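# Below are the sequence and a predicted model for it; my questions follow.
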Amino acid sequence: MSFDRTDVEKIAHLARIALTDDEIPATTAKLSGILGLIDKMQAVDTRGVTPLAHPLETTQRLRPDTVTESNQRDAYQAIAPATEAGLYLVPKVIE
């Protein structure tokens, strides 16, 4: 698939990109090249290839899900100007 000048102008308008008349031919060639590359990649037969989640064979190091710190909410809220039921009270800023 290839683009022409009107296609590039329409795409530039939708993307809110200001292109000068001198930039349009180069942008047209670049976009056409990108779509040509995509067409080549889609033409490759990948039926025997299994999808990968990551290109390297790695595994996630897991740690036990244990509590490592004590609950200090009361100490943190002791210095707050206003709290209620474990929540910080702040002034209303949106009406």
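Noted; the coordinates are in hand.

# Near the closest residue to A82 other than its chain neighbours, how many other residues are there?
Sequence neighbours aside, L89 is the residue nearest to A82 in space, at 3.9 Å (criterion: C-beta to C-beta, 6 or more residues apart in numbering). For the C-beta atoms, the positions are set from N, CA and C on the backbone; glycine is no exception. Look at L89: counted by other C-beta atoms under 10 Å, it has 10 neighbours.

# before we move on, what about D7?
By the criterion of other C-beta under 10 Å, D7 has 14 neighbours.

# pLDDT score for it?
pLDDT for D7: 91.

# Please apply the same query to M1.
We have a pLDDT of 67 for M1.

# low-confidence ranges in the protein?
Along the chain, segments meeting pLDDT under 70 span 1.

# Which elements pack onto the longest helix along the chain?
If you go by DSSP state H, the chain has its longest helix at helix 23-42. When contacts are defined as 3 or more C-beta pairs under 8 Å, 6 or more residues apart in numbering; DSSP states H and E, helix 23-42 packs onto helix 5-14.

# packing partners for the helix it packs on?
Using 3+ C-beta pairs under 8 Å, 6+ apart as the contact test, the elements touching helix 5-14 are helix 23-42.

# Please identify the buried residues of the helix it packs on?
Buried residues in helix 23-42, defined by neighbour count with 16 or more other C-beta atoms under 10 Å: 24, 27-28, 31-32.

# Closest one of those residues to D4?
T28 (7.0 Å; C-beta to C-beta).
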